[in-house]
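Novice: Structure of the sequence below:
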Amino acid sequence: MKIERVEWDGSGARRLAARLRSLAPRREEVAGAVGEIVRSVRDRGDEALREISAELGEQAPDSWRVDPEAIEAAPGLLDPEVREAMRVAGRNIASVARAELEALRRPAALELPEGQLVEVRADPVLAAGVYAPGGRAPYASSVLMCCIPARVAGVARIAVASPAGARGRPSAPVLAACAAAGVDEVYAIGGAQAIAAFAYGTESIEPVDLIAGPGNRYVAEAKRQASGAVGIDGIAGPTELMVVADGTAVPERIALDLCAQAEHGEDGLLVAASPDVALLDRLEELVEELAAERPTVAPAPLGLVATTGIEASLTLADAVAPEHLELAYDGADEAAARGRVAGCVFVGRGGGAAFGDYVAGSNHVLPTGGAARFGGPLGPGSFRRRTSIVSLSRRAASNLAPYVDALAGLEGFPVHGESAAARGGG
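Specialist: Predicted coordinates for the structure are as follows:
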């Protein structure tokens, strides 16, 4: 790993957070290349997809869409223990999603003093596109994390895009996860071009209303550039993990947690903050040893920050606003977790981010790049659009019209006032 040691005096948390974030490759570095891909697919559709595949040295399939029979058969290609793990993950993800949806369904209708009734309701988007990465590994878990909440939300059409493997279609685990989630519209296409195809449509791919799912910085930048033409769940990826720990933490566990997240690639960000310098020294040794012995661990950047205390460490964590945050210090509990700025916070003796990545039931599609300051985990609410419904009787219109006239006159829009008066008149 690319390790940087920092001694922090507790001042300028945001400046240090920006410095730590600069250790990871910046998404903006690929903006130009991604822009060319997005424009090409938007303007030339399937022809552009085939050209991009050729440029990448990939064999474009005869049809981008995977045969639904191959999806249906995919679970039978997996080992029984993998199928059972998918079942447990799917059950837990669905349980959490249904609980969230129930909270979203609480009625929000109010009759106001002038007599008007205002209701805010949420309905599912009509079509959602899900991106499942497939570069370093088949991300079957991302299929479950995205498609199950979309299904719980009531989305009628769910389509998945994932890079093609050696057989010209996504891996069997990805297809099996699609089958488990009840999705039979799958496209063998990856990268920024898949995002563009979902956003703008091609001759063979119908556009969607919203795109969800994690990805590398090319995928994340494509989602950013396409937003507006299509809804996005947020900018999810590359992965991030920050650990706040003290001398009571078990360094071997934390080192494994950091290396586990580094398996996602070298574009992510890893940080450990602690007032215990001996712990940081041990983490540096362990991480280097583990990474050297495990070829799946990529050379991701790791910041080891010596702080003046746990409170300072937590202040820094809030400034970084990481995707995953582990609290591994004496006294860390749910109360401490509730006030934190992070996509997902892990507490308890078993509180490792790997559980959230797969089977805990929380969603692993989380805000990155500091977006946890204003965003949150993917869930059914991500796939629902909000609509205001205003019911005005003649009495309500008559009561409100003078206020419309006063405010519209202030802004120089007298016809607004006339329009309101006409509705409230006899």
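Novice: contacts and neighbour counts: CA atoms only from here.
Specialist: Noted.
Novice: mind listing what the closest residue to residue 96 other than its chain neighbours touches?
Specialist: Leaving aside its sequence neighbours, residue 96 sits nearest to residue 361 (Cα to Cα, 6 or more residues apart in numbering; 6.0 Å). Counting by Cα atoms under 8 Å, 6 or more residues apart in numbering, residue 361 touches 89, 90, 91, 92, 93, 94, 95, 96.
Novice: Quick check: next helix or strand after the helix or strand hosting residue 146?
Specialist: Residue 146 belongs to helix 140-153 when assigned by DSSP states H and E. Per DSSP H and E, the first helix or strand lying C-terminal to helix 140-153 is strand 157-162.
Novice: List the contacts of that next one.
Specialist: Contacts of strand 157-162 (Cα under 8 Å, 6+ apart): 126-134, 143, 147, 150-151, 170, 174, 178, 183-190, 194.
Novice: Take the residues you listed and keep only those in helices.
Specialist: Secondary structure from DSSP state H places 143, 147, 150, 151, 174, 178, 194 of the contacts of strand 157-162 in helices.
Novice: Report the two of the residues you listed separated the most.
Specialist: Greatest spatial distance in the ones in helices among the contacts of strand 157-162: 151 and 194, 21.1 Å, computed using Cα to Cα.
Novice: of those two, who's got more company?
Specialist: residue 194 (28 against 21; other Cα atoms under 10 Å).
Novice: Three-state assignment for the residue nearest to residue 96, please.
Specialist: coil (DSSP: H, G, I helix; E, B strand; the rest coil).
Novice: Residue 322 now?
Specialist: Classification of residue 322 using three-state DSSP returns coil.
Novice: Next: residue 255.
Specialist: Secondary structure assignment for residue 255 (three-state DSSP): helix.
Novice: and the helix holding residue 146, average pLDDT?
Specialist: Helix 140-153 carries an average pLDDT of 96.
Novice: what's the answer for stretch 271-291, then?
Specialist: For stretch 271-291, the per-residue pLDDT averages 97.
Novice: just how off-centre is it within its chain?
Specialist: Distance of stretch 271-291 from its chain centroid, counting by Cα atoms, centre = their mean, to the nearest Å, is 28 Å.
Novice: do the same with stretch 313-327
Specialist: That offset, for stretch 313-327, works out to 17 Å (Cα atoms, centre = their mean).
Novice: And for stretch 126-141?
Specialist: Distance, centroid of stretch 126-141 to centroid of chain: 11 Å (Cα atoms, centre = their mean).
Novice: Just the CA trace of it, in PDB.
Specialist: Presented in PDB, the C-alpha positions along stretch 126-141 are these (Å, rounded to 0.1, in the frame of the first residue of the first chain):
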ATOM      1  CA  LEU A 126     -40.900   3.700 -13.900                       C
ATOM      2  CA  ALA A 127     -37.500   2.300 -15.000                       C
ATOM      3  CA  ALA A 128     -34.200   1.900 -13.100                       C
ATOM      4  CA  GLY A 129     -30.800   0.900 -14.500                       C
ATOM      5  CA  VAL A 130     -28.400  -0.800 -12.200                       C
ATOM      6  CA  TYR A 131     -24.700  -1.000 -12.800                       C
ATOM      7  CA  ALA A 132     -22.800  -4.000 -11.400                       C
ATOM      8  CA  PRO A 133     -19.000  -3.700 -11.700                       C
ATOM      9  CA  GLY A 134     -17.100  -6.600 -13.100                       C
ATOM     10  CA  GLY A 135     -13.500  -5.700 -13.500                       C
ATOM     11  CA  ARG A 136     -11.500  -7.100 -10.500                       C
ATOM     12  CA  ALA A 137     -14.300  -9.400  -9.500                       C
ATOM     13  CA  PRO A 138     -18.000 -10.300 -10.200                       C
ATOM     14  CA  TYR A 139     -20.000  -7.900  -8.000                       C
ATOM     15  CA  ALA A 140     -23.000 -10.100  -7.500                       C
ATOM     16  CA  SER A 141     -23.500  -8.400  -4.200                       C
END
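Novice: residues of it that come out buried?
Specialist: 126-135, 138-141 (16 or more other Cα atoms under 10 Å).
Novice: show me where the stretch 151-300 of the chain has strands.
Specialist: 157-162, 185-188, 210-212, 231-232, 240-245, 269-274 (DSSP state E, counting those that start in this stretch).
Novice: mind listing what the shortest one pairs with, with the direction of each?
Specialist: Spelled out, that is strand 231-232. Using DSSP bridges, the strands paired with strand 231-232 are strand 210-212 (parallel).
Novice: which residues touch the strand it pairs with?
Specialist: 125, 127-131, 146, 195, 198-199, 223, 230-234, 383.
Novice: Give me the mean pLDDT for it.
Specialist: Here the average pLDDT along strand 210-212 is 97.
Novice: Quick one: low-confidence residue ranges for this protein.
Specialist: 135-136, 426 (pLDDT under 70).
Novice: domain parsing for it?
Specialist: 2-25+238-360, 28-107+124-233, 392-424 (automatic domain parsing).
Novice: in the shortest one, what counts as buried?
Specialist: Buried positions in domain 392-424, judged by neighbour count with 16+ other Cα under 10 Å: 392, 395-402, 404-405, 408, 416-418, 420-421, 423-424.
Novice: Identify the residues contacting stretch 268-281?
Specialist: By Cα under 8 Å, 6+ apart, stretch 268-281 touches 20-21, 23-25, 237-247, 251, 258, 261-262, 300-310, 313.
Novice: Which among the domains of the chain is found nearest to residue 118?
Specialist: Comparing the domains of the chain by Cα to Cα, domain 392-424 comes nearest, at 8.8 Å.
Novice: so how far does that closest one reach from one end to the other?
Specialist: By Cα to Cα, to the nearest Å, the extent of domain 392-424 from end to end equals 10 Å.
Novice: tell me how far that domain is from the chain's mean position?
Specialist: The chain centroid and the centroid of domain 392-424 are separated by 43 Å under Cα atoms, centre = their mean.
Novice: ok, back up a step: between the ones in helices among the contacts of strand 157-162, which sits nearest residue 204?
Specialist: Nearest to residue 204 out of the ones in helices among the contacts of strand 157-162 is residue 194 (Cα to Cα; 12.3 Å).
Novice: burial measure for the nearest residue to residue 100 once chain neighbours are set aside, as a count.
Specialist: The shortest distance from residue 100 to any non-neighbouring residue, by Cα to Cα, 6+ apart, is to residue 380 (7.0 Å). Burial of residue 380 is recorded as 27 neighbouring residues (other Cα under 10 Å).
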